[in-house]
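# prediction below, plus the sequence it came from.
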Amino acid sequence: MRLTRTLAAAAALGTLTLTTACGGSADGGGAGAPGGSGFTPPKLSALESLGAGEGQVNLIAWAGYTEDGSNDPKTDWVTPFEKKTGCQVNTKTAGTSDEMVSLMKTGQYDAVSASGDASLRLIASGDAAPVNTSLVPSYADVFPSLKNQPWNSVKGVAYGVPHGRGANLLMYRTDKVSPAPDSWSAVFDQGAAHQGKVTAYDSPIYLADAALYLAATKPDLGIKNPYALDRRQFDAAVDLLKQQNRNIGEYWSDYLKEISAFKSGDSVVGTTWQVIVNAAKAEKAPVEAVLPKEGATGWSDTWMVSAKAKNPNCAYKWLDWIISPEVNAQVAEYFGEAPSNAKSCDKTADKGHCATYHAADEPYWKRVHFWTTPIPQCVDGRTDTTCVPYSEWVQAWTEIKG
């Protein structure tokens with residue numbers, strides 16, 4: 001997310017880095033409370049009816065989301081789309097959410113696979129248009145808990161279609177960390193026990209992980225949503241991460257390097273993704289992972305349409321294609337995530353894929369706070385204070401890392 005979150009995509013592009021998406025709800029429900037964020041975006045209209053395709057569509061995507069067989073002849077869902085619709089797909093692969101935001105501002109692209117740490121920025125700036133979901137038939141089969149969430153809608157208006165989701169887990173070496181941890185305290189309050197061998201995700205959005213832990217351990221701070229932090233709450237999260245920095249061996253964004261670090265023992269505990277756990281185990285690393293008792297952050301990506309789209313009909317056709325059952329299943333397996341389309345679980349080649357990635361396990365997702373762009377208008381619903389915006393998260397992250 002974003003970097004690229006899967007081994008398959010990493011193999012295709014070499015060493016990949018990510019900085020993507022996901023945000024949690026104040027009430028713990030799903031990935032956010034319905035109704036969207038407390039701000040008023042520019043007045044833009046969604047497409048009212050679908051016309052003939054324009055002949056091409058220009059996309060911004062995470063590596064692994066628009067495979068056309070050039071990396072692996074067996075992995076191709078772009079060519080069938082082009083043959084069916086007559087829309088030639090032109091993809092710009094982005095390495096970070098910030099890059100996606102910058103590219104969308106140029107007006108040269110029709111759609112983007114935005115993560116939650118970018119989507120609200122695109123909505124607030126007027127770079128993303130509302131989406132008429134009635135023109136996307138496959139939207140009807142998307143898991144209800146992914147619809148009308150704070151990172152993909154505002155005040156009940158959809159600004160995209162959900163693509164897939166995943167959680168940021170706690171991974172540990174079973175031969176080095178005992179007893180088996182069930183709390184993020186393993187990388188925060190107890191991190192000194194593994195000084196120099198703790199790892200964390202290298203992104204400003206990681207401040208939300210600290211905030212989530214503080215919400216459980218410092219209730220007097222009053223943190224209800226890890227992406228809605230007033231100054232006092234934000235400073236506490238920054239302080240916690242500065243303390244953690246003393247125990248960090250390395251911050252990771254290239255998950256191939258994280259696998260290597262856990263195999264060698266250079267890292268013994270830290271944040272990870274399920275696809276990394278699977279790959280590390282396949283390479284005989286003695287690791288396990290857990291969704292800690294405090295819950296976790298995570299990502300839910302959204303395909304959004306540019307407000308300046310020159311090929312809106314092909315863009316809509318792509319949105320429907322990429323979340324259709326068969327294609328969404330292919331992407332989810334290749335990328336290493338849970339599909340957004342509930343019918344995709346019957347289409348995966350690995351019949352255990354959806355169980356492994358908890359695709360339909362709603363109690364599991366209720367514990368995941370999906371990345372959501374921090375903005376001054378507190379996304380937890382507070383109106384009596386101002387929350388710290390993402391730009392200050394970026395500045396603080398530089399200070400935390402020293």
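On my side now, so go ahead.
# wait, a strand at Trp299?
Yes - under DSSP: H, G, I helix; E, B strand; the rest coil, Trp299 sits within a strand.
# can you tell me how far it is from Val394?
Using C-beta to C-beta, to the nearest Å, Trp299 is found at 18 Å from Val394. Every C-beta, even on glycine, is put in place using the N, C-alpha and C of the backbone.
# who has more neighbours out of the two?
Each of Trp299 and Val394 has its neighbours counted (other C-beta atoms under 10 Å); Trp299 has more, 29 against 14.
# can you tell me the closest non-neighbouring residue to Ala215?
Ile223 (3.9 Å; C-beta to C-beta, 6 or more residues apart in numbering).
# for Val136, that is, sorry about that
Per C-beta to C-beta, 6+ apart, closest to Val136 is Asp320, 4.7 Å.
# that neighbour touches Thr133, doesn't it?
No - contact criterion C-beta atoms under 8 Å: Asp320 and Thr133 do not qualify, at 9.9 Å.
# what sits in contact with each of those two?
The contact sets of Asp320 and Thr133 overlap at Tyr139 (C-beta atoms under 8 Å, 6 or more residues apart in numbering).
# where's the residue nearest to Ala215 relative to Thr217, distance?
Taking C-beta to C-beta, one finds Ile223 at 10 Å from Thr217.
# neighbour count for those two, which is higher?
More crowded of Ile223 and Thr217, by other C-beta under 10 Å: Ile223, with 25 against 15.
# and the gap between that one and Pro204?
17 Å.
# repeat for Ala228
For Ala228, the distance to Pro204 equals 15 Å [C-beta to C-beta].
# what about the helices in the stretch 1-150 of the chain?
7-13, 78-85, 97-105, 116-124 (DSSP state H, counting those that start in this stretch).
# tabulate the ones you listed (a markdown table), appending mean neighbour count, mean pLDDT and distance to Thr271.
Converted to a markdown table, the helices of the stretch 1-150 of the chain look like this (neighbours: other C-beta atoms under 10 Å; pLDDT from 0 to 100; distance: least, C-beta to C-beta, whole Å):
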| stretch | mean neighbour count | mean pLDDT | distance to Thr271 |
| --- | --- | --- | --- |
| helix 7-13 | 19 | 36 | 17 |
| helix 78-85 | 16 | 98 | 32 |
| helix 97-105 | 21 | 94 | 17 |
| helix 116-124 | 29 | 91 | 15 |
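# for the stretch 251-400 of the chain, just list every one of the strands.
269-272, 287-290, 296-306, 338-339, 368-370 (DSSP state E, counting those that start in this stretch).
# for the last one, name the packing helices and strands.
Yep, that's strand 368-370 we're talking about. Counting contacts by 3 or more C-beta pairs under 8 Å, 6 or more residues apart in numbering; DSSP states H and E, strand 368-370 is packed against strand 161-167, strand 296-306.
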